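**Q** got a predicted model here, sequence first, then my questions.
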Amino acid sequence: MSGIVFIISAPSGSGKTSLTNELLKFVPDLEFSVSYTTRKPRGSEQNGREYSFVSREEFERMIANDEFLEYADVFGNYYGTARRFLQDAKNRGKDLVLDIDVQGAKQVKERLPDSVSIFILPPSRDELERRLRARSSAEQMTDTRVINRRLAEAGREIENYPGYDYILVNDDFNQSVDRLKAIVQAVRNQRKPGASHADLVLEAKADECRRRNVQERAQQILASFGLSAVPN
C-alpha cells in the first residue's frame, strides 16, 4: 500500500518538527512534503528544507494554476502544499507526510477523506509556555508579546482537535515518538490483509491515541488554556 497521506498538526512549540523528523528517520517509505510560504526565512531556516520560500506573486500564480492541494493565508502570509508532492510519492511507492495547520488539514480531509490526521498536543499551557520561552531565548527573541500571541493561537488551534483521527499528547518525547511510529505502521497494516501478532501490538499502541480514547485528557489540556470543553 502506498499513497497514504498522514497529516500532522500542532500548536507552535508542541514538538511537532522534532517528532516528525524522528518519524521520517525510523519509518521507511515516507516522504515529507515541504510547504510553500510567502513569509521570510527565520533564523537558520533554509529554502527547500523547512519551507520553499517564494514571493506572493509566485504563490498567487500557483493558486491560479490550481497547483495546491491546500493553502491558507495565515496572519498575512500564504502557506500551501503543492499537489505534485502527492503524485510524486505515489509514483515512488511512498506515503506522504504533511506538516500543516488546522486550516490546511481541514481542506485536505475534505479532498482526501482517506487521509489520516494526527494532532499533537502539549501537556498543558504552562508546559507550552516554558517550551516557547526556552526556544525564544535560544533564538534570542525575548518579546513577551510574541510568546503571549503564540499561546493564544495555540488555544484556538487546540479547539480543533475533535476534527482529527488521532491525538498525541507530547509529554514524554521518546514515548511520543513510539506512539507516532505506531500510528503510521498500524494504519499501513490496517490497509493490507493479514495482521500478525506484531501488527496487533502496534494497533493497540496506536489505538491509545484514537480521539475517543484521549478525549478526557484533551479537554483537561484545553481547560488549562482557560477554554471551555468542545464537543467530541
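**A** Ah, there it is.
**Q** R84: how many residues sit nearby?
**A** Per other Cβ atoms under 10 Å, the neighbour tally for R84 reads 12. To be clear about C-beta, it is placed using only N, CA and C from the backbone, and glycine gets the same treatment.
**Q** quick one: the helices in this protein?
**A** Taking DSSP state H as the criterion, the chain carries its helices at 16-26, 56-64, 84-91, 102-111, 125-138, 144-158, 173-190, 197-207, 211-224.
**Q** which among these is found nearest to Y164?
**A** helix 211-224 (6.2 Å; Cβ to Cβ).
**Q** from the chain's centre, how far out does that closest one sit?
**A** When distances are taken as Cα atoms, centre = their mean, to the nearest Å, helix 211-224 is centred 18 Å away from the chain's centroid.
**Q** quick one: it to helix 197-207, angle?
**A** Counting by axes from the mean of the first three to the mean of the last three Cα atoms, to 10 degrees, helix 211-224 lies at 30 degrees to helix 197-207.
**Q** can you list the buried residues in helix 211-224?
**A** Residues of helix 211-224 classed as buried: R211, V214, Q215, A218, Q219, I221, L222, S224 (neighbour count, 16 or more other Cβ atoms under 10 Å).
**Q** how many other residues sit next to A154?
**A** Neighbour tally, A154, other Cβ under 10 Å: 22.
**Q** what's the pLDDT at it?
**A** pLDDT, A154: 93.
**Q** pick out whichever of the buried residues of helix 211-224 sits closest to V74.
**A** The closest of the buried residues of helix 211-224 to V74 turns out to be L222 (Cβ to Cβ; 21.2 Å).
**Q** what residues are up against S18?
**A** F173 (Cβ atoms under 8 Å, 6 or more residues apart in numbering).
**Q** kindly recompute the last result at 6 Å.
**A** Not one residue lies near S18 by Cβ atoms under 6 Å, 6 or more residues apart in numbering.
**Q** pLDDT-wise, which helix or strand of this structure ranks last?
**A** helix 125-138 (a mean of 85; mean pLDDT, DSSP states H and E).
**Q** CA atoms of that one as PDB?
**A** Provided in PDB are the C-alpha atoms of helix 125-138 (Å, rounded to 0.1, in the frame of the first residue of the first chain):
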ATOM      1  CA  ARG A 125      -0.500  25.700  28.800                       C
ATOM      2  CA  ASP A 126       2.200  26.100  31.400                       C
ATOM      3  CA  GLU A 127       4.500  23.500  29.800                       C
ATOM      4  CA  LEU A 128       3.900  25.000  26.300                       C
ATOM      5  CA  GLU A 129       4.800  28.500  27.700                       C
ATOM      6  CA  ARG A 130       8.000  27.000  29.200                       C
ATOM      7  CA  ARG A 131       8.900  25.500  25.800                       C
ATOM      8  CA  LEU A 132       8.200  28.600  23.900                       C
ATOM      9  CA  ARG A 133      10.300  30.700  26.300                       C
ATOM     10  CA  ALA A 134      13.200  28.300  26.000                       C
ATOM     11  CA  ARG A 135      13.000  28.300  22.300                       C
ATOM     12  CA  SER A 136      12.700  32.100  22.100                       C
ATOM     13  CA  SER A 137      15.700  32.500  24.400                       C
ATOM     14  CA  ALA A 138      17.700  30.200  22.100                       C
END
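**Q** buried sites along it?
**A** R125, E127, L128, E129, R131, L132, S136.
**Q** which stretches of this structure have low pLDDT?
**A** Along the chain, segments meeting pLDDT under 70 span 1-2, 137-142, 195, 232.
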